[in-house]
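S.K.: Pasted the sequence and its predicted model underneath.
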Amino acid sequence: MPSLEEELMFPSTPGKYKGQNRHFHRCFASTSTMFLWALFLIAITASYLCFQSFMDNNNSTSNRFFTGHHWEKQVINSAQIHQAHGMSVLVTGAAGFVGSHVSLALKKRGDGVVGLDNFNNYYDVSLKKARKNLLNENGIFIVEGDINESKLLLKLFDIAKFTHVMHLAAQAGVRYAMENPNSYIHSNIAGLVTLLEVSKNANPQPAIVWASSSSVYGLNEKVPFSESDRTDQPASLYAATKKAGEEITHTYNHIYGLSITGLRFFTVYGPWGRPDMAYFSFTRNILQGKPITIYRGKNRVDLARDFTYIDDVVKGCIGSLDTSGKSTGSGGKKWGPAPYRIFNLGNTSPVTVPMMVGMLEKHLKIKAKKNFVVMPGNGDVPFTHANISSARKEFGYKPNTDLQTGLKKFVRWYLSYYGYNQGKL
Ligand SMILES: O=C(O)[C@H]1O[C@H](OP(=O)(O)OP(=O)(O)OC[C@H]2O[C@@H](n3ccc(=O)[nH]c3=O)[C@H](O)[C@@H]2O)[C@H](O)[C@@H](O)[C@@H]1O
């Protein structure tokens, strides 16, 4: 058996060091002293890091929720329903793009809304904070926390009897999944399960509406995409986690009677949008005079998306909440079948990426510097196109903003938020 020192000195290929054994013994005394010092330093650093993380966890826990009467009052007030037959909704991802818009729309019509968001730094946190401020000004309280924190979720369900959960917290972005795959598992799988576990135990159980994605259609070629089409060829880990979410929610519907509605969003865009998305980052680059990269498919075919304006998606989310039906379980048992639904929320008129850029150029009155490159193998799909007849039939979903109009509104917001010069930062 080699000693610990030997193992550490020759970790990978012992044979490589054969000739150096004598030298090693000569140096052993001084080396072993250095080694012991190194071990000592490592131990000290490790203890310090453990202590720090323990303190961080404790602090974040106490800061975020067990903060007493005032905190509970804020949650209760925010969850309060102010209209007849209204609902009380926990919106996860409330400081996100879709989450902030849906929260405001619900509050406006008198529903109770409590937001939850972990304010992660996937993109500019200051934009999330600005959305939070907007929600606060409108009487919506946002709790800072992660959907993986079951204690926090239990506490929230304990003090506010949510009738619905609008679950929009997720790790978004198709291509980022290659850089940080675990963040998708953390939020889109583990976080989802934590939320479902708490929801199924809540009394009463809430109905759940959550964000799936058009990306579940993966490499399908039949268009437009219908909910009954196959979804077993995801092109990215992101898509795979959304597909997994659809299966996971199905089991909670089947076993515990949770009412579930999955919404397949199609490239949602608009004011207060996500800076990681193409229309947003292109706008920034065009204003800064920087080049933009436009992906192209095989044989120089342009990529196309069924870009869907945020206000239309918000109407779809609210229509889904209104028609979600009740969960049928309690105490971990199901007392009857509960609704399980999946809807496309798209626009039904795909536009190519170069055409989208042309619209931005028009609204910004600046010509873009375009670099066309072959679409890298990074999870992208060549096109998306929604069939929305199910959502139309079920709750009258009817998108009415075309891309030209929607981008005009986005550009107006962008310039008012960042200013012409802010783009140069
Ligand atoms: O519909 C969906 O389900 C998904 O829509 C978007 O994903 P994506 O359609 O890829 O949106 P963008 O990242 O804004 O890309 C739009 C188009 O621009 C293209 N693109 C993107 C980035 C770039 O630098 N160049 C470029 O040509 C992409 O290939 C794509 O065709 C969102 O980012 C996902 O979170 C969402 O789930």
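M.R.: Received the coordinates, thanks.

S.K.: Doesn't L360 belong to a helix?
M.R.: Yes - residue state for L360 (DSSP: H, G, I helix; E, B strand; the rest coil) corresponds to a helix.

S.K.: you'd agree it is up against A368?
M.R.: Yes - with contacts defined as Cβ atoms under 8 Å, L360 counts as touching A368 at a distance of 7.1 Å. Quick note: C-beta positions are derived from backbone N, CA and C, even for glycine.

S.K.: Of these two, which one has the most company?
M.R.: L360 (24 against 20; other Cβ atoms under 10 Å).

S.K.: contacting residues around the spatially most central residue of the chain?
M.R.: Closest residue to the average C-alpha location of the chain: A170 at 2.4 Å, with Cα atoms, centre = their mean. Neighbouring residues of A170 by Cβ atoms under 8 Å, 6 or more residues apart in numbering: G93, S187, N188, G191, A211.

S.K.: Would you mind listing what in the protein touches the ligand?
M.R.: Proximity of the chain to the ligand, by Cβ under 6 Å from any ligand atom, involves residues 172-174, 213-215, 265-267, 277-278, 293-295, 303, 305, 353, 380, 384.

S.K.: In strands only, show me those residues.
M.R.: S213, F265, T293, I294, Y295, R305 (DSSP state E).

S.K.: I'd like to know how many residues surround the fifth one.
M.R.: Neighbours of Y295 under the rule other Cβ under 10 Å: 18.

S.K.: Tell me the pLDDT of it.
M.R.: Per-residue pLDDT puts Y295 at 97.

S.K.: same check, this time on the last one
M.R.: Per-residue pLDDT puts R305 at 98.

S.K.: number of nearby residues for the nearest residue to it once chain neighbours are set aside?
M.R.: Excluding the flanking residues, the one nearest R305 by Cβ to Cβ, 6 or more residues apart in numbering is T267, at 4.3 Å. If you count neighbours by other Cβ under 10 Å, T267 ends up with 24.

S.K.: residues contacting Y417?
M.R.: A130, W272.

S.K.: Report the secondary structure element holding it.
M.R.: helix 403-422 (DSSP states H and E).

S.K.: and if you look at R341?
M.R.: Using DSSP H and E, R341 falls within strand 340-345.

S.K.: Outside of that strand itself, list whatever touches it.
M.R.: Residues outside strand 340-345 that contact it (Cβ under 8 Å, 6+ apart): 212, 214, 225-227, 246, 249-250, 253-254, 259-266, 308, 312-313, 316-317, 320, 324, 386-388, 390-391, 394, 397.

S.K.: now, which of those lie within strands?
M.R.: Those of the contacts of strand 340-345 lying in strands (DSSP E): S212, I260, T261, G262, L263, R264, F265, T308.

S.K.: out of these, who's nearest G86?
M.R.: T261 (18.3 Å; Cβ to Cβ).

S.K.: And for that closest one, the neighbour number?
M.R.: For T261, the count of nearby residues is 28 (other Cβ under 10 Å).

S.K.: That one is in contact with P206, isn't it?
M.R.: No - using Cβ under 8 Å, T261 makes no contact with P206, being 11.8 Å away.

S.K.: Quick check, pLDDT for the residue of the stretch 51-200 of the chain found nearest the ligand.
M.R.: Across the stretch 51-200 of the chain, no residue is closer to the ligand than A172, which sits at 3.8 Å (Cβ to the nearest ligand atom). Here the pLDDT value assigned to A172 is 97.

S.K.: Quick one: the helices in the stretch 101-250 of the chain, in order.
M.R.: With helices called from DSSP state H, counting those that start in this stretch, the stretch 101-250 of the chain shows them at 125-137, 150-159, 181-184, 192-201, 237-256.
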